[in-house]
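>>> Return a 3D structure for these sequence lines:
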Amino acid sequence: MKKVSRLNFWLKSAQAGALAIAVCFTLGATEPASRFNTLSHKLMCTCSCAQMLGECNHVGCPNSTEELALLRTGVDSNQSDKQIFDSFVAQYGATVLAAPTKEGFDLVAWIAPFAVFAAALLGTVLLIRHWVSTRPRLEPAAASPEMDALRERIRRETEADGGYPV
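Numbers count the residues shown, from 1 in each chain. Predicted structure coming up:
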C-alpha cells in the first residue's frame, strides 16, 4: 500500500509541475512587450528593405519608426491582433503582412506550392512508368556454333589449373 501512495505522490507532483510551467508560459504570452514583439514579426517594413518590421534596423529607415509607434499604440490600447493588422492593411496595403491571409484569393498562396509539388511528383512517376513500359525488351542472342566454340575455349582456359596448356 505504501508503494501506491508514493507513486501517487510523484504523479501528482509531476502534474502540478507541468501545470505550473504551462501557467508561466501562458501568462508571459499576454505581456504587452512579448505581444508587441510577436506582432512586429508578423508585419513587414514598408521601406522596401524586405525585413520584418521588428528587425528593420538600417540607418535612416524612413518608415520603421512611424510603423513601430503605430503598432505600439495598438498594443497599448488593447486592440486585437486582427484590428491591428486591419489598420496596417488599410494604411499600407496588403503587402505589409509578412504572410498572406488564409482567406479569399490569398489562400492560393498557401495551397499552390503543395499542389504544384504533388502534381510534379505525380507527373514524374507517370513519366518514369511510361519510359519503363515502352523500353524495348532485349532478346537473348541466338546461340551460334562460333559462340559455342568460344564458350568452350573460355571454360577450358579458366579451369582449376589456370587454363595454360601443359
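>>> Where do the domain boundaries of this structure fall?
Listed by automatic domain parsing, the domain ranges of the chain are 2-101, 109-157.
>>> Look up how far residue 153 lies from residue 134.
39 Å (CB to CB, to the nearest Å). Where you see a C-beta, it was placed from the backbone N, CA and C, and this is true even at glycine.
>>> neighbour-wise, which of those two wins?
Taking other CB atoms under 10 Å, residue 134 and residue 153 do not tie; residue 153 has more neighbours (11 against 7).
>>> And residue 86, how far from residue 141?
77 Å.
>>> who has more neighbours, these two?
Ranked by neighbour count (other CB under 10 Å), residue 86 and residue 141 place residue 86 first, with 12 against 7.
>>> what residues are up against the more buried one?
Contacts for residue 86 (CB atoms under 8 Å, 6 or more residues apart in numbering) come out as none.
>>> pLDDT value on it, please?
pLDDT, residue 86: 92.
>>> Secondary structure element for it, which one?
Here residue 86 sits within helix 81-92, counting by DSSP states H and E.
>>> in that helix, what's buried?
By 16 or more other CB atoms under 10 Å, the buried positions in helix 81-92 come out as 84-85, 88, 92.
>>> now those as TSV including distance to residue 47?
Shown next, in TSV, are the buried residues of helix 81-92 (distance: CB to CB, whole Å):
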residue	distance to residue 47
84	19
85	19
88	14
92	11
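>>> show me what contacts the residue nearest the centre of the chain?
Residue closest to the mean C-alpha point of the chain, counted by CA atoms, centre = their mean, is residue 114 at 10.7 Å. Taking CB under 8 Å, 6+ apart as the contact definition, residue 114 lies against nothing.
>>> which sections of this structure are below the confidence cut-off?
Within the chain, the segments meeting pLDDT under 70 span 1-4, 23-30, 160-166.
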